[in-house]
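Undergrad: heads up, no residue letters with this:
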DNA sequence: CTCTGTGAATGTATTCACAGCT
DNA sequence: AGCTGTGAATACATTCACAGAG
């Protein structure tokens, strides 16, 4: 039986908190697969993912019943199911906007390509940057986003511009048909319904840490290891 | 009256979800201050922070009663109170470990210094990198972490190493007295009690986005998943 | 009348604990 | 026996809705 809340369109949906953990389980499963481990229990998977066993079982139960009682989960099969649920059965080409320090680093960061998110396009508003290449990909002008998205089948945009330019870039991305945006600019961007935005503000993360740092100083233990942020999926609609 | 749950040590504590939003409010308040706005209502603050007004009021009520009924909040005062609660009345020097693409970009990223987190030390395990300078800060060997932390008063560590090196670096950081860690390595790291860890895995963010993207595009294609056999597809429900 | 602050109500998420399969 | 899958219980978070201050 599949639990979950009915989505807007009547489909059963997986709780957001569980969705945010699936990529972590997937990462662990890939690691296990690479060490030729064939079976894993919820307890072991939990330890490797930094959560508890009951949560693992509940999360996985949203995808179906793939475990074997008394034994555990088949690593390869579970990996397939988690990947499928996350839509990772094919690559998702991405476009990075803004090629300052962070944008350039992201473009050069091999981890994206390796995990199924090839960087297929780069855009910037600065004419001095347009025409150059970063990580082997030419930088094009942000005004060409419509054509770029159409010709490359890009579905995810990464915003690494200064705060002041972010809303404009996001508007262009959405107009071009991009439905998911990862925003590194330190500003809240507004989008039309149906567009998912995830914000990663590095300074925000540090500020949360300094809050908890203060609490530790008197020597008080029992910190609820913040771990993965609960999910800042601002899904408009 | 101060709400909140009693913490482990008997102190009233602010819910984790509220703590995670305080930095966003702070960012908005700084922006308002720079435009010489003196007063802000929960409704306006909510719009700028991308949440709803009731949440803003509830969150702020954990810090105390700083609003004026019928008017709103004094921007400058509220900014002070939020900053104080986050422990941002002084700078928090940070150390970045791992100077590959990401680590170097973070070191060069001006946003940290600007927001009260000056990058005071850089460490790497690669002798070829030790001795070089990045963003005007010399790269030192990771084995020198003890001295570095002691002499610079560093309380926060940023891990930008490959996954395989992360646990070792974290252990060294904790041993050196660092109590808060921002981990960019795609792996769950274990620490002693009392150490806060926040994970930022860029690939995880993208994977969450692709999950939601799929929901928007009915009839998504199911292509190859390298090295994985489909197994049986048993989607219950 | 406007807008805060907050109890009460509702909605989500986590954890417990155990039935049921291997 | 060992381990999953899942209702029930608990804990946490959000939203409602309104009393009360200005």
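TA: Great, that's in hand. Note that the coordinates shown come from a computational prediction; the quantities given were computed from them, not determined experimentally.

Undergrad: which stretches of chain A form helices?
TA: Shown for chain A, the helices assigned by DSSP state H span residues A:16-34, A:42-49, A:53-61, A:75-85, A:101-108, A:111-114, A:145-152, A:163-176, A:202-216.

Undergrad: and these as TSV, adding mean neighbour count?
TA: (Each C-beta comes from the backbone N, C-alpha and C, glycine too.) Shown next, in TSV, are the helices of chain A (neighbours: other Cβ atoms under 10 Å in any protein chain shown):
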stretch	mean neighbour count
helix A:16-34	20
helix A:42-49	19
helix A:53-61	18
helix A:75-85	21
helix A:101-108	22
helix A:111-114	16
helix A:145-152	16
helix A:163-176	18
helix A:202-216	21
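
Undergrad: identify the residues contacting residue A:180.
TA: By Cβ atoms under 8 Å, 6 or more residues apart in numbering or on different chains, the contact list for residue A:180 reads A:155, A:156, A:157, A:195, A:196, A:197, A:198, B:209, B:210, B:212, B:213.

Undergrad: on that earlier part again, dump the helices of chain A to CSV, plus mean pLDDT.
TA: Supplementary listing: these in CSV, determined by pLDDT from 0 to 100:
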stretch, mean pLDDT
helix A:16-34, 98
helix A:42-49, 98
helix A:53-61, 98
helix A:75-85, 97
helix A:101-108, 92
helix A:111-114, 87
helix A:145-152, 96
helix A:163-176, 98
helix A:202-216, 89
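
Undergrad: hmm, back to that, out of the contacts of residue A:180, who's nearest residue B:176?
TA: In terms of Cβ to Cβ, no member of these lies closer to residue B:176 than residue A:198, at 32.7 Å.

Undergrad: wait, that closest one sits on residue B:207?
TA: No - at 10.4 Å, residue A:198 and residue B:207 do not qualify as touching, with contact defined as Cβ atoms under 8 Å.

Undergrad: that older thread, now tabulate the helices of chain A in CSV and tack on distance to chain B.
TA: Shown next, in CSV, are these (distance: least, Cβ to the nearest Cβ, whole Å):
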stretch, distance to chain B
helix A:16-34, 4
helix A:42-49, 6
helix A:53-61, 10
helix A:75-85, 5
helix A:101-108, 3
helix A:111-114, 6
helix A:145-152, 13
helix A:163-176, 9
helix A:202-216, 4
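
Undergrad: can you redo the ones you listed as CSV, where the extra columns are distance to residue A:121?
TA: Below are the helices of chain A laid out as CSV (distance: least, Cβ to Cβ, whole Å):
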stretch, distance to residue A:121
helix A:16-34, 23
helix A:42-49, 33
helix A:53-61, 34
helix A:75-85, 24
helix A:101-108, 10
helix A:111-114, 13
helix A:145-152, 5
helix A:163-176, 11
helix A:202-216, 24
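
Undergrad: which among the ones you listed is found nearest to residue A:127?
TA: helix A:163-176 (14.2 Å).

Undergrad: run the chain-centre distance for that closest one.
TA: 19 Å (Cα atoms, centre = their mean, to the nearest Å).

Undergrad: over to stretch A:65-82?
TA: Put simply, stretch A:65-82 sits 23 Å off its chain's centre (Cα atoms, centre = their mean).

Undergrad: for stretch A:199-206, same thing?
TA: Relative to the chain's own centre, stretch A:199-206 is displaced by 14 Å; criterion: Cα atoms, centre = their mean.

Undergrad: got it, and stretch A:84-91?
TA: Chain-centre distance of stretch A:84-91: 13 Å, with Cα atoms, centre = their mean.

Undergrad: any residue of it touching DNA strand D?
TA: No - Stretch A:84-91 stays clear of DNA strand D (Cβ under 7 Å from any atom of the strand), getting no nearer than 13.9 Å.

Undergrad: what residues sit buried inside that stretch?
TA: By 16 or more other Cβ atoms under 10 Å in any protein chain shown, the buried positions in stretch A:84-91 come out as A:84, A:85, A:86, A:87, A:88, A:89, A:91.

Undergrad: distance of the first one from residue A:42?
TA: Meaning residue A:84. Applying Cβ to Cβ, to the nearest Å, the value for residue A:84 to residue A:42 is 20 Å.

Undergrad: can you pull the residues of chain A lying near DNA strand C?
TA: Residues of chain A lying near DNA strand C (Cβ under 7 Å from any atom of the strand): A:5, A:15-18, A:51-52, A:54-55, A:57-58, A:68-71, A:230-231.

Undergrad: restrict these to those near DNA strand D?
TA: Among these, proximity to DNA strand D is found for A:54, A:57, A:58, A:68, A:69, A:70, A:71 (Cβ under 7 Å from any atom of the strand).

Undergrad: so which of these is the closest to residue B:174?
TA: Relative to residue B:174, the closest of those is residue A:54; by Cβ to Cβ it sits at 27.8 Å.

Undergrad: just how off-centre is stretch A:45-59 within its chain?
TA: Taking the mean of its C-alpha atoms, stretch A:45-59 sits 19 Å from the chain's own mean (Cα atoms, centre = their mean).
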